[in-house]
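A.B. asks: Output the structure for:
(4 chains)
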Number of protein chains: 2
Amino acid sequence: MKIDPSSKADLSAQIAKAIRDAIVSGALIVDERLPSEAELSEQFEVSRATVREALKRLAAQSLIRTQRGAFGGAFVNRLSFKEAYGQQITTSTLLLSMNAVSFEIACEARFALESACAPLAATRRTADHLATMRAEIFRQTQPGLSDEGWCASDVAFHRALVDAAGNPVLSYQLAGAVEAMQPLMNMITFTARSREKILSLHAKIADFCDSGDGAGIEETLEALALYTRQLGQQMAQKKTAS
Amino acid sequence: MKIDPSSKADLSAQIAKAIRDAIVSGALIVDERLPSEAELSEQFEVSRATVREALKRLAAQSLIRTQRGAFGGAFVNRLSFKEAYGQQITTSTLLLSMNAVSFEIACEARFALESACAPLAATRRTADHLATMRAEIFRQTQPGLSDEGWCASDVAFHRALVDAAGNPVLSYQLAGAVEAMQPLMNMITFTARSREKILSLHAKIADFCDSGDGAGIEETLEALALYTRQLGQQMAQKKTAS
DNA sequence: AATTTTCATTTGTCAGACGTTTAAATGTCT
DNA sequence: AGACATTTAAACGTCTGACAAATGAAAATT
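C.D. replies: Model (predicted):
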């Protein structure tokens, strides 16, 4: 593990890159302990503070974890699906809010992705997934449900649909997309939407899941997408009018 | 921006979280300058070293950028699609390599996602996208192409297909998935695969894109998925036999 | 007016110190 | 011998103070 003396980047960034490369390439394996900060500072010929800044960069990406005390140190972290979700959601949320992504584009992407798991969800869904969907649908029938509560339930419902596909890689990819975009859509459409209409579509999706009708799920998602897009257009007109 | 004195996490992690929350919530907007390290260390009542570790964590997530000199400092960074790609690819690659994801599952997820953009690609593809696809197909006909070259060209071809959907959010989501999984698949199947067979399927996909036949693209992707899965099974058997 | 010089500000890096945590090693008692 | 308490060394977490390097603004000079 060496750093390039001719690079003009910060030392801590260079060191972080060297260690990151070692992890990605497999030279450092999961749960392997890195040298102590003091040893690293000797190896790279920098101060301990600089090494620490490099390690914090890696920790921010969940590539390492640190443990204090004797026999502690920095260990290569097994990146879990859960941690990866979290990072994806943060990244996706910021990406959408900072890049003026149009409602139309976000909506299209979100439903295209979700439709991708419809056929799988139809064949693989378990009783658990169906129960989660039904529970969220029931929650959505409660008149006292706040807008935040509705939004959370909406996310949970779609999350259950995605998980029903029984493919963790797919779940990881889609959960990030759905969880980042659904709140955005709720924020835009919550004044105009009809809970009843969405609810009935959710119920249809759950029924199609139950009966294993993948095409039915896709069609219903299509309808949901269409309705959401219409709401988006309404809001855009309202905005222009005001 | 305050930190919780009762938390037992590292101070630098708490401070990073406080600033991250401020960015995500919109309290700090793009290109806004954060207080200097000295000012932050006063505000949070910690040393400058601790503040710096927090800032390095945020820099690792591309949430801020720093500039030296007078009137320099840390600025909220506009997260670009390109940066987000990079992070997604790193995360996805590590996730796959560290979690013993089966070839079958990865393959299923990859083609399910790619199929999602087939209908859009059929209607939106431009001459540019088609040209890229044809160029990669031509490259793949060259007998002297190395395995690495083939893999890179394969990724580029599928990337063009994804981009042809004309939805940057979709591109962002799928580019990460495809670029992380395609090399994995090539690594597993490169000894057994028939370049000719894959090439003919690529050509069919390009033709269907040209003629705007979304269903045709999906069917061909399906065939490609099937063939890839078969290769995966062959390799699994070989492994068992040895 | 244009150019050069100065200068204050801010990040990058370093050295050294001390506190805290942790698990292994050691000691002690039953 | 075994269970429990104590010691101890290793390692991270944090702080202080210092200096170097970059950088843009302001002042000085031509």
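
A.B. asks: Neighbours of residue A:38, how many?
C.D. replies: 10 (other Cβ atoms under 10 Å in any protein chain shown). Any C-beta I mention is one placed from the backbone N, CA and C, and that applies to glycine too.

A.B. asks: other SSEs contacting the worst-scoring helix or strand of chain A on mean pLDDT?
C.D. replies: Lowest by mean pLDDT, DSSP states H and E among the helices and strands of chain A is helix A:168-189, with a mean of 81. Packed against helix A:168-189 by the contact rule (3 or more Cβ pairs under 8 Å, 6 or more residues apart in numbering or on different chains; DSSP states H and E) you find helix A:81-98, helix A:103-116, helix A:147-163, helix A:214-241, helix B:81-98, helix B:103-116, helix B:168-189.

A.B. asks: can we see that at 7 Å?
C.D. replies: Other elements packing on helix A:168-189 under the criterion 3 or more Cβ pairs under 7 Å, 6 or more residues apart in numbering or on different chains; DSSP states H and E are helix A:81-98, helix A:103-116, helix A:147-163, helix A:214-241, helix B:103-116, helix B:168-189.

A.B. asks: Of those helices, which is nearest residue B:12?
C.D. replies: Residue B:12 lies closest to helix A:81-98 among those, at 17.9 Å (Cβ to Cβ).

A.B. asks: Surely residue A:53 touches residue B:53?
C.D. replies: Yes - between residue A:53 and residue B:53 there is a contact under Cβ atoms under 7 Å: 6.0 Å.

A.B. asks: ok, the spatially most central residue of chain A - contacts?
C.D. replies: The residue lying closest to the centre of chain A (Cα atoms, centre = their mean) is residue A:176, at 1.9 Å. When contacts are counted by Cβ atoms under 7 Å, 6 or more residues apart in numbering or on different chains, residue A:176 touches A:85, A:88-89, A:92.

A.B. asks: ok, and the closest non-adjacent residue to residue A:217?
C.D. replies: residue A:118 (4.0 Å; Cβ to Cβ, 6 or more residues apart in numbering or on different chains).

A.B. asks: shaky segments in chain A?
C.D. replies: For chain A, the stretches flagged by pLDDT under 70 are A:236, A:238-242.

A.B. asks: List, one by one, the residues from it near DNA strand D.
C.D. replies: Neighbours of DNA strand D within chain A, by Cβ under 7 Å from any atom of the strand: A:34, A:36-38, A:48-49, A:52, A:55, A:66-74.

A.B. asks: chain center to the strand or helix carrying residue A:24, what's the gap?
C.D. replies: Assigned by DSSP states H and E, residue A:24 belongs to helix A:11-25. Here helix A:11-25 is found 25 Å from its chain centre; the criterion is Cα atoms, centre = their mean, to the nearest Å.

A.B. asks: swap in stretch A:44-52?
C.D. replies: Chain-centre distance of stretch A:44-52: 34 Å, with Cα atoms, centre = their mean.

A.B. asks: Could you double-check that residue A:109 lies in contact with residue B:167?
C.D. replies: Yes - under the criterion of Cβ under 7 Å, residue A:109 makes contact with residue B:167 at 5.2 Å.

A.B. asks: The two: which has the busier surroundings?
C.D. replies: residue A:109 (26 against 23).

A.B. asks: Report how many residues lie close to the residue nearest to residue A:217.
C.D. replies: 27.

A.B. asks: cool, and the one 10 residues further on?
C.D. replies: Residues contacting residue A:128 under the criterion other Cβ under 10 Å number 11.

A.B. asks: again with the one 4 residues further on
C.D. replies: Neighbourhood size, residue A:132 [other Cβ under 10 Å]: 20.

A.B. asks: Which residue, other than its chain neighbours, is closest to it?
C.D. replies: For residue A:132, ignoring the flanking residues on the chain, the nearest one in space by Cβ to Cβ, 6+ apart is residue A:160 at 4.1 Å.

A.B. asks: what does residue A:73 give?
C.D. replies: Distances taken as Cβ to Cβ, 6+ apart put residue A:33 closest to residue A:73, at 5.1 Å, once the chain neighbours are dropped.

A.B. asks: how close does that neighbour get to residue A:97?
C.D. replies: Distance of residue A:33 to residue A:97, given as Cβ to Cβ, to the nearest Å: 39 Å.

A.B. asks: Who has more neighbours out of these two?
C.D. replies: residue A:97 (17 against 14).

A.B. asks: Where does whichever residue of chain A sits closest to DNA strand C sit: helix, strand or coil?
C.D. replies: DNA strand C sits closest to residue A:69 of chain A, with a gap of 2.0 Å, by Cβ to the nearest atom of the strand. Following DSSP: H, G, I helix; E, B strand; the rest coil, we place residue A:69 in the coil state.

A.B. asks: List the buried residues in stretch A:223-240.
C.D. replies: By 16 or more other Cβ atoms under 10 Å in any protein chain shown, the buried positions in stretch A:223-240 come out as A:224-225, A:227-229, A:231-232, A:235.

A.B. asks: Which residues of chain A lie near DNA strand C?
C.D. replies: So far as Cβ under 7 Å from any atom of the strand goes, chain A lies against DNA strand C at A:10-12, A:45-50, A:53, A:67-72.

A.B. asks: please redo it, this time with the cut-off set to 10 Å
C.D. replies: A:7-15, A:37-38, A:41-42, A:44-54, A:67-72 (Cβ under 10 Å from any atom of the strand).

A.B. asks: Just the buried residues of the residues you listed.
C.D. replies: Listed as buried from those are A:10-15, A:37, A:41, A:44, A:46, A:50-54; burial here means 16+ other Cβ under 10 Å.

A.B. asks: ok, of these, which one's closest to DNA strand D?
C.D. replies: Among those, and counting by Cβ to the nearest atom of the strand, the member closest to DNA strand D is residue A:37, at 3.6 Å.

A.B. asks: List the contacts of that closest one.
C.D. replies: Going by Cβ under 7 Å, 6+ apart, residue A:37 touches A:48, A:51-52.

A.B. asks: Now render those as CSV, adding distance to residue A:180 and secondary structure.
C.D. replies: Below are those laid out as CSV (distance: Cβ to Cβ, whole Å; DSSP: H, G, I helix; E, B strand; the rest coil):
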residue, distance to residue A:180, secondary structure
A:48, 38, helix
A:51, 34, helix
A:52, 32, helix
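
A.B. asks: thinking again about what came up before, dump the residue contacts of the residue nearest to residue A:132.
C.D. replies: Residue A:160 neighbours (Cβ under 7 Å, 6+ apart): A:129, A:132-133, A:136.

A.B. asks: so which of the residues you listed would you say is closest to residue B:206?
C.D. replies: For these, the nearest to residue B:206 is residue A:129 (37.7 Å; Cβ to Cβ).

A.B. asks: which residues does that closest one contact?
C.D. replies: A:160, A:163-164.
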